[in-house]
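Novice: dropping a prediction and its sequence here:
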Amino acid sequence: MSRPRKWRKVCCLPASNIFGPFNAVLNRDGLVIMPVDEYETIRLIDLEGFTQEECAAQMHIARTTVQRIYNDARRKLADSLVNKKVLRIEGGDYQLCDGLEKTCGCGGCPKHRYRG
């Protein structure tokens, strides 16, 4: 029996959750699904400049888990860009932070949450 998955702490949801070519046809073959925790690793490492160790501390998971999540996210981004597929960000094992932690990377989580 495997161990239950640990929830990954995420600061904020993306303002938009679907990206891709304007003329894309939405079908299963032309769609890439990226979980929210993969989006968060891309945001922290590539946009905020965190190291994998800093990202792991921020998300409350192991560095090796961050490395795996980050590699999966980059593969999905590449698939979307190169193969002209629509990227949709949804789901995953995550928990939004409450905005009370001083280490939050977005500077006040509640004001940055997607209210769609």
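Specialist: Nice, thanks for sending it over.
Novice: what about residue 35, how many residues nearby?
Specialist: 19 (other Cβ atoms under 10 Å). For every residue, glycine as well, the C-beta is placed using N, CA and C.
Novice: check residue 28 too.
Specialist: 6.
Novice: let me see the confidence value for it.
Specialist: With respect to pLDDT, residue 28 has a value of 74.
Novice: and residue 56, by the same measure?
Specialist: 95.
Novice: the chain should start at 140 in everything you say after this.
Specialist: OK, 140 is where the count begins now, so the last one is residue 195.
Novice: show me what counts as buried in the host helix or strand of it.
Specialist: Assigned by DSSP states H and E, residue 195 falls within helix 191-198. For helix 191-198, a neighbour-count test (16 or more other Cβ atoms under 10 Å) marks 191, 193-195, 197-198 as buried.
Novice: quick one: the helices in this structure?
Specialist: Listed in chain order, the helices of the chain (DSSP state H) span 175-181, 191-198, 202-221, 248-251.
Novice: contact partners of the first one?
Specialist: Just to be clear, that refers to helix 175-181. Outside of helix 175-181, the residues within contact range by Cβ atoms under 8 Å, 6 or more residues apart in numbering are 147, 149-150, 152-153, 194, 198, 205, 208-209, 211-213, 215-216, 228-233.
Novice: low-confidence ranges in this protein?
Specialist: Along the chain, the model assigns pLDDT under 70 to residues 238-255.
Novice: what residue is smack in the middle of it?
Specialist: Most central in the chain under Cα atoms, centre = their mean is residue 178, positioned 1.6 Å from the mean C-alpha point.
Novice: first-to-last residue distance for stretch 171-187?
Specialist: 24 Å (Cα to Cα, to the nearest Å).
Novice: got the buried residues for it?
Specialist: 171, 173-184.
Novice: got it, and stretch 143-152?
Specialist: 147-152.
Novice: please write out the alpha-carbon positions of that stretch in CSV.
Specialist: Taking Å, rounded to 0.1, in the frame of the first residue of the first chain, the C-alpha atoms of stretch 143-152 are listed here in CSV:
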residue,chain,number,x,y,z
PRO,A,143,-1.0,9.1,0.7
ARG,A,144,0.2,12.1,-1.4
LYS,A,145,1.3,15.2,0.5
TRP,A,146,-0.5,18.4,-0.3
ARG,A,147,1.7,21.0,-2.0
LYS,A,148,1.4,24.6,-0.7
VAL,A,149,0.6,27.0,-3.5
CYS,A,150,0.5,30.8,-3.1
CYS,A,151,-2.0,31.7,-5.8
LEU,A,152,-3.9,30.4,-8.7
